[in-house]
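> the amino acid sequence is not available; the structure is as follows:
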């Protein structure tokens, strides 16, 4: 059996005439490329006919690094966003139900294909960005983020029912100090270092 390179997908292979389950499975191949906390990829995709359940994978949780599962939830949210972007690119308006109240409390969201629609230029741009995403551990540029871009980021977060706080001045300095102290404390915890390794 030949291994599949997750990063070399071909959108032309989307089974446009296939069953909903086949289409959801194809789109999920893009969802797994989402970023996750410490690359833990704490998600599972379970397909039941015309619906896909996105589940938190507790076997990949990081109880020391992320004791309240906050980063696990953010990671699953990133996978859900990638799935939505892929489905929109393939011509669907995905129907998403968050925390659907299933018997299985690990189900984060249920997704169905939804109505057919024409992909927009924004859908195409976001979809193309999926395969270009990569981790960058280099230092940030010393330049400030342009004000117009900050407004765009805040607006993008608002559209996703989230928020972005832009720290400036003394708040930015205080935040940098807190982050530095938190890093120092975490790296001083052998359990933290073991789990990250």
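Now that the structure is in, tell me what you want to look at. Predicted model, so just to flag it, every value in this text is computed and none were measured.
> tell me which element residue 47 falls in.
Here residue 47, judged by DSSP states H and E, is contained in strand 43-48.
> neighbouring strands of that strand in the sheet, and parallel or not?
Paired with strand 43-48 in the same sheet, following DSSP bridges, are strand 51-56 (antiparallel).
> distance between the partner strand and the chain's centre?
Taking Cα atoms, centre = their mean, to the nearest Å, one finds strand 51-56 lying 14 Å from the centre of the chain it belongs to.
> can you pull the buried residues of the helix or strand that comes right after it?
Under the assignment DSSP H and E, the closest C-terminal helix or strand after strand 51-56 is helix 70-89. Burial within helix 70-89, assessed by neighbour count using 16 or more other Cβ atoms under 10 Å, is assigned to 71-72, 75-80, 82-89. Placement of C-beta: from N, CA and C, glycine included.
> could you point out which element follows helix 70-89?
Scanning forward in sequence from helix 70-89 by DSSP H and E, the next helix or strand is strand 92-98.
> and that following strand with helix 70-89, angle?
Strand 92-98 and helix 70-89 are oriented at 160 degrees to each other (axes from the mean of the first three to the mean of the last three Cα atoms, to 10 degrees).
> residue 97 and residue 109 touch, don't they?
Yes - using Cβ atoms under 8 Å, residue 97 is in contact with residue 109, at 6.5 Å.
> now the helices for this protein?
When assigned using DSSP state H, the helices of the chain occupy the ranges 20-31, 70-89, 121-130, 147-159, 169-187, 190-196.
> chain center to the third one, what's the gap?
By that I understand helix 121-130. Relative to the chain's own centre, helix 121-130 is displaced by 15 Å; criterion: Cα atoms, centre = their mean.
> show me what that helix is packed against.
Applying 3 or more Cβ pairs under 8 Å, 6 or more residues apart in numbering; DSSP states H and E, one finds that helix 121-130 contacts helix 70-89.
> which residues touch the helix it packs on?
Contacts to helix 70-89, defined as Cβ atoms under 8 Å, 6 or more residues apart in numbering, come from residues 11, 27-28, 30-37, 40-43, 45, 52, 54, 56, 61-62, 65-66, 94, 96, 108-109, 111, 113-114, 117, 119-120, 123-124, 126-127, 130, 160.
> and those residues, which are buried?
27-28, 30-31, 33-34, 36-37, 40-43, 45, 52, 54, 56, 61-62, 65-66, 94, 96, 108-109, 111, 113, 119, 123, 126-127, 130.
> give the contact list for the residue lying farthest from the centre of the chain.
In the chain, residue 170 marks the outermost C-alpha relative to the chain mean, sitting 30.9 Å out by Cα atoms, centre = their mean. If a contact means Cβ under 8 Å, 6+ apart, then residue 170 has no contacts.
> max-length strand in this structure?
Longest strand in the chain by number of residues, with DSSP state E as the criterion: strand 107-116.
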